[in-house]
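1. Here is a sequence together with a model predicted from it:
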Amino acid sequence: DEDRDALYYDTFPDDFKWSSATSSYQIEGAWNEDGKGPSIWDTFCHEGGHVYENHTGDVACDSYHKYKEDIALMANLGLKNYRFSIAWSRVLPTGKIDSVNEDGIAYYNNVIDELLDNGIDPMVTLYHWDLPQGLHDDYGGWMNESIINDFNDYAKLCFERFGDRVKFWITFNEPWIVALLGYESGVFAPGINEPGTIPYVVGHNLIKSHAEAWHTYDDQFRSVQKGVIGITLNSDWSEPHDRKNYKHIFASERAMQFSLGWFGHPIYKNGDYPEIMKTKIAEISAGQGLPQSRLPEFTEEEKVFINHTGDFFGLNHYSTNYVVNPTNENYELPGYWGSDVNVPSWKEESWPQSASSWLKPVPWGIRQILVWIHNEYDGIDSYVTENGVSTHDVYDLSDEERMKYYKSYINEVLKAIKLDGANCKGYTAWSLLDNFEWAAGYSERFGMHYVDFSDDDRPREVKDSAKLYADIIADNGFIEDNTSRSLVVEGS
Ligand SMILES: O=S(=O)(O)CCCN1CCN(CCO[C@@H]2O[C@H](CO)[C@@H](O)[C@H](O)[C@H]2O)CC1
């Protein structure tokens, strides 16, 4: 395996998009300023009992007021792109199109204009988990297909007001997480714990909402605005424990179909769920004596409407798991994907541990998953829209682990492109700033810039990983060991 991790010296394609990412609830703060309405994460945090030490995003990084400072940090890195999300309830406080908040619109116009003034192209995510509370209260939010129309109205407003300058749109960030952590386990807002059926209803409405917004852009805006619109899906890589054991290989494929395929198959392959999902869930549902499968079905018209509604494939990836087939393996490992597939998986003891229990760095995993996407979805343009690692909440600007993570993962992306032919067009480091890490609050830091959350001014400081990332961008890859140079910069 050691040569698997050897550093590969080469450069990325000339037009490769180097980016960094944040999201509205995690950095903005100003949770109720200038007319913004509450989101389900405002409610979830204020309820108490869901987030580490009841931390909230009330202030977060205060980027609502400090966005110019953030953009100056990006310019220092030589970033050409920046991925951020729009808070739906900042521009539509009730979530409904009749509640436009011009102060909210103005904030995002200011951010976009400041980015362009600094030669940085915006990559905008329409939904990064902060649903307007009003839509949840009105009709259950993502659980109700009424949301399809409201999301389309919101997307259309964003295309109208920002689309003259925003040319790269992402409808949803990680629908898998929205459905499973928000509605199956309930560890995320809106905290609904209904395994089995509700998560699939939520996924169904997310897919139909995505397709509706894609067609709105395609029909009414693309010819004039000439942008691209896709979706960002997340997954660990599921590595067969024994690559010579077909049962392990089958288990790996099944796990990938239930994670990336759940949303990737309808949007990029044929407008419908993967066969293994339909078969497996129908089989288990019948075994549970249910009159029909817990997985909703698309009509033939819906399949045509949904198919090929992604101009690119956005991938968020952080870590890897070994998997084995659950039958006749005496592994006492917890199911990886909830009750429906029960593909036992685990992370090796020998792999290093980050500050997040679910995240153990395994660089070669990103190469595998990029190749899987390339093969599964016919060479579609892919972008890594998030990749990064957490450290504990301690003051440390010489973040060696993060430097090692970025150097090795970015190098594996280079191998996927140059050695395996994967059609990856960009890489996005999560995150520009230490920020609100959802249920972990501020206890886990993912930033290339340190934010002091105990100081009302939320000062930012550059970490060594930011300098390394700047060097990799400047070289557009690896022409020498960037790490050594970055540390020299620190000392010089
Ligand atoms: O173990 S628990 O079930 O109690 C909590 C699981 C936490 N999940 C793990 C998977 N992660 C996917 C990536 O999530 C992404 O990555 C970043 C880091 O998490 C987030 O900050 C970004 O907003 C998100 O897009 C989302 C958070």
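-> Now that the structure is in, tell me what you want to look at.

2. host element of residue 416?
-> Residue 416 belongs to helix 400-418 when assigned by DSSP states H and E.

3. does the ligand sit close to that helix?
-> No - for a cut-off given as CB under 6 Å from any ligand atom, helix 400-418 has no contacts with the ligand; the smallest distance is 12.7 Å. (Each C-beta comes from the backbone N, C-alpha and C, glycine too.)

4. Tell me the helices and strands packed up against that helix.
-> Under the contact criterion of 3 or more CB pairs under 8 Å, 6 or more residues apart in numbering; DSSP states H and E, the helices and strands touching helix 400-418 comprise helix 364-376, strand 424-430, helix 464-475, strand 477-478, helix 482-491.

5. Now mean pLDDT and distance to the ligand too, for the ones you listed, in JSON lines please.
-> As requested, the helices and strands packed on helix 400-418 are arranged in JSON lines below (pLDDT from 0 to 100; distance: least, CB to the nearest ligand atom, whole Å):
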{"stretch": "helix 364-376", "mean pLDDT": "98", "distance to the ligand": "13"}
{"stretch": "strand 424-430", "mean pLDDT": "98", "distance to the ligand": "6"}
{"stretch": "helix 464-475", "mean pLDDT": "97", "distance to the ligand": "15"}
{"stretch": "strand 477-478", "mean pLDDT": "96", "distance to the ligand": "25"}
{"stretch": "helix 482-491", "mean pLDDT": "62", "distance to the ligand": "23"}
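
6. Determine which stretch of those is the most buried.
-> Of all those, strand 424-430 has the most neighbours on average by mean count of other CB atoms under 10 Å, namely a mean of 25.

7. can you pull the buried residues of the helix holding residue 416?
-> 401-417 (16 or more other CB atoms under 10 Å).

8. again with stretch 433-453
-> Buried residues in stretch 433-453, counted by 16+ other CB under 10 Å: 433-451, 453.

9. check contacts around residue 485.
-> Remark: with contacts taken as CB atoms under 8 Å, 6 or more residues apart in numbering, residue 485 is in contact with residue 471.

10. by contact count, what packs against the host helix or strand of residue 279?
-> Assignment of secondary structure by DSSP H and E places residue 279 within helix 275-287. Contacts defined by 3+ CB pairs under 8 Å, 6+ apart place helix 275-287 against helix 246-264.

11. quick one on the thing from earlier: contacts for the helix holding residue 416, please.
-> Outside of helix 400-418, the residues within contact range by CB under 8 Å, 6+ apart are 5, 7-8, 10, 12-13, 352, 354, 361, 363-367, 370-371, 374, 384, 387-389, 391, 422-424, 427, 429, 448, 463-465, 468-469, 472, 477-478, 482-483, 486.

12. low-confidence ranges in this structure?
-> Scanning the chain for pLDDT under 70 picks out the ranges 1-2, 327-342, 487-492.

13. Taking helix 246-264 as reference, get the angle to the helix ranked longest in the chain.
-> Secondary structure of the chain per DSSP state H: the longest helix is helix 198-220. Computed with axes from the mean of the first three to the mean of the last three CA atoms, to 10 degrees, the direction of helix 198-220 lies at 50 degrees from that of helix 246-264.

14. buried ones in helix 198-220?
-> Of the residues in helix 198-220, those buried by neighbour count under the rule 16+ other CB under 10 Å are 198-214, 216-217.

15. buried set for the helix or strand just after it?
-> For helix 198-220, the following helix or strand on the C-terminal side (DSSP H and E) is helix 222-225. In terms of neighbour count (16+ other CB under 10 Å), helix 222-225 has its buried residues at 222, 225.

16. got it, and stretch 125-142?
-> By neighbour count, and taking 16+ other CB under 10 Å as the criterion, the buried residues in stretch 125-142 are 125-136, 138, 140-142.
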